[in-house]
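> give me the fold of what follows.
(chains A, B and C)
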Amino acid sequence: MNGPDPDVNELLERVELVDHHTHSIVGGPVAAADYEFMLSESDRSSAAAAAGLDTQIGFAARRWIGPLLGLRPNDPEDRFLGARLALTNEKAAARLLPAAGLERLIVDTGFRGDEILSAAGLGVLAKVPVSTVVRLEAIAERLALEGVPAAGFGSAVRDAVEAELAAGAVGLKSIIAYRAGLDVDPARPRGAEVVDSADRWLREVARDGRARLVDPVLLRLLLWTAVDTGRPLQVHTGFGDPDLDLDRADPLLLTEFLRQTDGACPVLLLHCYPFHRNAGYLAQMFAHVYVDVGLAINYVGAQAPVVLAESLELAPFRKVLFSSDAWGLPDLHLLGSWLFRRAMARAIGGWVAGGDWSRHDALHVIELIAFENARRVYGLPARGSARRSGRDYRSRSSAAPAGTFSTAVDE
Amino acid sequence: MNGPDPDVNELLERVELVDHHTHSIVGGPVAAADYEFMLSESDRSSAAAAAGLDTQIGFAARRWIGPLLGLRPNDPEDRFLGARLALTNEKAAARLLPAAGLERLIVDTGFRGDEILSAAGLGVLAKVPVSTVVRLEAIAERLALEGVPAAGFGSAVRDAVEAELAAGAVGLKSIIAYRAGLDVDPARPRGAEVVDSADRWLREVARDGRARLVDPVLLRLLLWTAVDTGRPLQVHTGFGDPDLDLDRADPLLLTEFLRQTDGACPVLLLHCYPFHRNAGYLAQMFAHVYVDVGLAINYVGAQAPVVLAESLELAPFRKVLFSSDAWGLPDLHLLGSWLFRRAMARAIGGWVAGGDWSRHDALHVIELIAFENARRVYGLPARGSARRSGRDYRSRSSAAPAGTFSTAVDE
Amino acid sequence: MNGPDPDVNELLERVELVDHHTHSIVGGPVAAADYEFMLSESDRSSAAAAAGLDTQIGFAARRWIGPLLGLRPNDPEDRFLGARLALTNEKAAARLLPAAGLERLIVDTGFRGDEILSAAGLGVLAKVPVSTVVRLEAIAERLALEGVPAAGFGSAVRDAVEAELAAGAVGLKSIIAYRAGLDVDPARPRGAEVVDSADRWLREVARDGRARLVDPVLLRLLLWTAVDTGRPLQVHTGFGDPDLDLDRADPLLLTEFLRQTDGACPVLLLHCYPFHRNAGYLAQMFAHVYVDVGLAINYVGAQAPVVLAESLELAPFRKVLFSSDAWGLPDLHLLGSWLFRRAMARAIGGWVAGGDWSRHDALHVIELIAFENARRVYGLPARGSARRSGRDYRSRSSAAPAGTFSTAVDE
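Next up, the predicted model:
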């Protein structure tokens, strides 16, 4: 923690985070090219190879993960990769995940779910409880492959979504930004439209034997089915791999959808970068809108304090959550947590040091963003460890446990 | 003032500001929910209640207004609201407005004008001269309710605008961003179009007994009527309540309108956030374009130095003005002024401390933005107090009056 | 150099830069109004006159160029202009260009090329090797004026481009952002379309006796002709004069073009401001995409560290280049270099000081951006001076030459 306020630093060293949007990890050994690839948001291995680890996230990995592998901070790339890749991903996870200081993981199981460990398996490695969110498009694609009839598509989706929630999922997730862009008609689709579109798509699926939903009407049906449950709805916005048109992933394009769903369910805008100021505006405008800058925090590395501070301009502090959006490598879960803590320490600590916020304000906001907002939105229990992250911070405890971040830095 | 340069701080503590775009305040006692609502840009009370005072502006209010109410800086929310709401809004205004350090208020009387004190009344409380700008849409809606015939609509608007200016208004204001978006056809509408549109709209008004102008042709007529006067034209751009589509309020959408009006009248782009860099570009490109980041300064609170600095990238310093865009609460006039001063102290003081600007450059730019640019654009007289804000800053006066901001901070 | 890390400062004081996108200078004496005009990106002298030197770039000129003219830093405007304009532009260039610390200039000869010195002449004044890039639109317009037949337009363009490359040009440049916007259909135009469009345009040229290409089909033909060569393709994105619609110059609008050209040739996104974060995203997504924030660095002056740091969020460090985009005045070449160095010292030095990057990481990235990336992309030889800019930085040399920036600052 390198923020200017010691109490802010101290809380950020020990507070446990609810990671409200993350993914599991791949298993087995990891090749160098795959490691680089998973440290890139590109879906093209050529792009990852061109970048190598000469990136903010690559530097952050060498800086923060190296010492957990017995290296010095910032040791050269070959040495770092040598040490890291000597471990299977599970071995690395067993070391890195508990060091991330988490209270709970909320795992999206939908992205390349067959390549990764189960959510439960991730929780065992991390030694924390795990909840799940269900990807709406994955539900629809499963139903399509199972041969649901077009006339019953809407109700089958509704039943499947309800079943997932009844089975314990704490929310739903939409990737309509990837599939059709956020600039679709926001209105609830009419029944006849749905049947027509379902009929067309289901024929294609039957013909091709595989399902990838890009029909805007059906994607909107999924959104509105989620809204009707009243449960938290995560929406991918902002950057991701170039399968997406970034200019069609600006959360402002959801404005009319948000007007129409105001009060119906919490909507959590994920990632948002580089439109995080726009997302903050929406979080101020609508009671049911929440934001995070997960994913971006990892990728911007040393610039995370700047991006985080921007996300805290218009967004009310009760509406901001933490996420890592890690996928594949436990390194990303660790960096998501640590870079977030450092960014908060710099941004919020700076406001305390500058005389704008009181220390108490700062500690309150850290708790809101670290776990309180997530617990409230998703209806999560406080953990047994609530004592550790609870409101005992007003006087600094000299008996505080050794900081998670006490790794010696030799320069 | 917490900027790094003492002379910059000193000038910013005492310089008097022309607030070139503000509104009046509501009268009487204020309930807690209404106070929170007026500290939100949302038009939904649910959004304001969800945010409470856990926002940058809420923290800024407790920090800076608390001490003017006899509290300690950052006292807890309930204590702050107790002290603040014990005062009627007029009582609070009598205490806060003179402390804002203003030279003059330029008041937009058009937004919910029937709920607020007169501009003159505001001036009495603030103890400063008041000028007014007239909202074009309000003029048109008044004429419509008075039963103006469609054939004479254009000339009636022109006459009414001229009458307002003759009666002393120093400029005109457009909220076309709210009513149709800035992505309308920028061209001057033709006479026949105007008569057709007026005919349609005036029939609706006659039928409904109320007038809200959203017709793009008539809104453009208003803009061009304003242009023809040659007088300052304020245009809302950037964020506001969610009645507006923020992505259609980007000032870049005015580019062609600005090409066509170059040299005809000053155009003042208001607020601009989060498009303030785009606005700065326009201010560099066109001689007649001016910008402010009013409204945003208040809402981003501790981040105001960052936003202000970004607005000073491409915008020539002779083209930047100060505004609060306060509405309803005198707290917003005070915060607008104080947060602006602090932001300037940090941003500009930082450039001096970093060796990029001379101290003289800094003091010059502060005077331009604080009052000189506004006086020049609106044709305002210098105040009797010009001596206090004048160019006597080159040697630091040890006899400077006690700083406006000398409130003790107990931590 | 005012960054917090002395070794970073030291390297940035002496490293020689490849300026990968610049222009030549006008000759002869320069009038004050012309000087101000060339310090503005506006194409309107009224805008430049309204701004004067009360701009970030104007302040930077007085601050950094003044001392090279025998003045004190930040001397008043009249004094500065007096000293500067007493020199012909060539005399000023002979003093300023060698002080810019360049390894090589890559000159775009296409913008108002008849008003400026030859690229070779610029190199003589700067005492460095010069390479050129060829503006695609200039080639097409030359061919049109020469009377090329429509049926042979495509092959004539291809031959002319190949001839330019064979004659030594190191890359090609597109200004389609100015002529049609980046929101054109990205697809390679079909032969029949090209002939139709060429026929229409060439008739106009024959009729008018002058050629200005705005036809989107032909502009796309130029882009794809460049792609087919496999050579570096510079594309103007982001701000420029208001002949351009800035909202149609967002590099994200190139996404589909970049998908289609992945692997075919390096694409260098120039300037990018205020869309530099978007550009950084593209550089991470695609192996063949590179970015710079030239032009912006000059115009934002004291804010350059902020803009530069933002450009280093998502962009891999092997994909970022330096450019000045200077035109007309050697002052702009000098400022482009010095402000870039200072911005790097602040941004990167800050990451070292904050414990995020190692010093070695910082020095490595500086070399990548200063010259290595440009040498690799354009296939340039290392200069004889490679020894000076080479990898001897790990221990600080006490025998380092006196810093370029050791100019005494008297305050």
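> lowest-confidence helix or strand of chain A?
Lowest by mean pLDDT, DSSP states H and E among the helices and strands of chain A is helix A:386-389, with a mean of 42.
> is it true that residue A:58 touches residue A:40?
No - taking Cβ atoms under 8 Å as the definition, residue A:58 is not a contact partner of residue A:40, at 9.2 Å. Any C-beta I mention is one placed from the backbone N, CA and C, and that applies to glycine too.
> quickly list what's touching both of those two.
Common contact partners of residue A:58 and residue A:40 (Cβ atoms under 8 Å, 6 or more residues apart in numbering or on different chains): residue A:51.
> run a quick neighbour tally on residue A:306.
Residue A:306 has 18 neighbours, counted by other Cβ atoms under 10 Å in any protein chain shown.
> give me phi/psi at it?
Taking degrees, to the nearest 10, you get phi -70, psi -50 for the backbone angles of residue A:306.
> now it. Nearest residue, chain neighbours left out?
residue C:309 (6.9 Å; Cβ to Cβ, 6 or more residues apart in numbering or on different chains).
> the one you found falls within a helix, correct?
Yes - under DSSP: H, G, I helix; E, B strand; the rest coil, residue C:309 falls within a helix.
> name the residues of chain A found near chain B, please.
A:250, A:252-253, A:255-256, A:258-259, A:262-263, A:277-278, A:281-282, A:284-288, A:309-310, A:312-314, A:316-319, A:351, A:354-361, A:364-365, A:368 (Cβ under 8 Å from any Cβ of the partner chain).
> and the residue of the stretch 301-411 of chain A closest to chain C?
For the stretch 301-411 of chain A, the residue closest to chain C is residue A:302, as judged by Cβ to the nearest Cβ, at 3.9 Å.
> show me where the stretch 251-400 of chain A has strands.
Here the stretch 251-400 of chain A has its strands, by DSSP state E, counting those that start in this stretch, at A:267-271, A:289-291.
> check which residues of the shortest one are buried.
Of the residues in strand A:289-291, A:289-291 count as buried by neighbour count, 16 or more other Cβ atoms under 10 Å in any protein chain shown.
> could you do stretch A:215-232 as well?
A:215-227, A:229, A:231-232.
> gap between it and the chain center?
Counting by Cα atoms, centre = their mean, to the nearest Å, stretch A:215-232 is centred 20 Å from the centre of its parent chain.
> got the CA positions of it in PDB?
C-alpha atoms of stretch A:215-232 as PDB (Å, rounded to 0.1, in the frame of the first residue of the first chain):
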ATOM      1  CA  ASP A 215     -30.400 -12.500 -32.900                       C
ATOM      2  CA  PRO A 216     -31.200  -9.100 -31.300                       C
ATOM      3  CA  VAL A 217     -34.800 -10.000 -30.500                       C
ATOM      4  CA  LEU A 218     -33.800 -13.100 -28.600                       C
ATOM      5  CA  LEU A 219     -31.000 -11.300 -26.800                       C
ATOM      6  CA  ARG A 220     -33.500  -8.700 -25.700                       C
ATOM      7  CA  LEU A 221     -35.900 -11.500 -24.600                       C
ATOM      8  CA  LEU A 222     -33.100 -12.700 -22.400                       C
ATOM      9  CA  LEU A 223     -32.600  -9.300 -20.900                       C
ATOM     10  CA  TRP A 224     -36.200  -8.800 -20.100                       C
ATOM     11  CA  THR A 225     -36.600 -12.300 -18.800                       C
ATOM     12  CA  ALA A 226     -33.800 -11.400 -16.300                       C
ATOM     13  CA  VAL A 227     -35.500  -8.100 -15.500                       C
ATOM     14  CA  ASP A 228     -38.700 -10.000 -14.600                       C
ATOM     15  CA  THR A 229     -36.900 -12.000 -12.000                       C
ATOM     16  CA  GLY A 230     -36.000  -8.900 -10.100                       C
ATOM     17  CA  ARG A 231     -32.500 -10.400  -9.400                       C
ATOM     18  CA  PRO A 232     -29.200  -8.700 -10.100                       C
END
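> strands along the stretch 1-150 of chain A, start to end?
A:17-22, A:102-108, A:130-135.
> deepest in the core, which of these is it.
Among those, ranked by average contacts under mean count of other Cβ atoms under 10 Å in any protein chain shown, first place goes to strand A:17-22 (a mean of 28).
> so which elements touch the top helix by length along chain A?
Using DSSP state H, we find that the single longest helix of chain A is helix A:330-353. Helix A:330-353 is packed against helix A:6-14, strand A:17-22, helix A:56-60, helix A:89-99, strand A:102-108, helix A:296-300, helix A:304-311, helix A:359-367, with contacts defined by 3 or more Cβ pairs under 8 Å, 6 or more residues apart in numbering or on different chains; DSSP states H and E.
> can you add distance to residue C:65 and mean pLDDT and give these back as JSON lines?
Below are those laid out as JSON lines (distance: least, Cβ to Cβ, whole Å; pLDDT from 0 to 100):
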{"stretch": "helix A:6-14", "distance to residue C:65": "43", "mean pLDDT": "98"}
{"stretch": "strand A:17-22", "distance to residue C:65": "50", "mean pLDDT": "98"}
{"stretch": "helix A:56-60", "distance to residue C:65": "34", "mean pLDDT": "98"}
{"stretch": "helix A:89-99", "distance to residue C:65": "51", "mean pLDDT": "98"}
{"stretch": "strand A:102-108", "distance to residue C:65": "54", "mean pLDDT": "98"}
{"stretch": "helix A:296-300", "distance to residue C:65": "34", "mean pLDDT": "96"}
{"stretch": "helix A:304-311", "distance to residue C:65": "30", "mean pLDDT": "98"}
{"stretch": "helix A:359-367", "distance to residue C:65": "44", "mean pLDDT": "98"}
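> picking up where we left off before, between the buried residues of strand A:289-291, which sits nearest residue A:170?
Distance to residue A:170 across these (Cβ to Cβ) is lowest for residue A:290, with 13.7 Å.
> on that earlier part again, between the buried residues of strand A:289-291, which sits nearest chain C?
Using Cβ to the nearest Cβ, those come closest to chain C at residue A:291, 17.0 Å.
> residues contacting that closest one?
For residue A:291, the contacting residues are A:268-269, A:272, A:276, A:279-280, A:282-283, A:311, A:315, A:319-321, by Cβ under 8 Å, 6+ apart.
> that one pairs with what?
Taking DSSP bridges as the rule, residue A:291 bridges to residue A:269, residue A:320.
> what score does it have for pLDDT?
We note a pLDDT of 98 for residue A:291 in this prediction.
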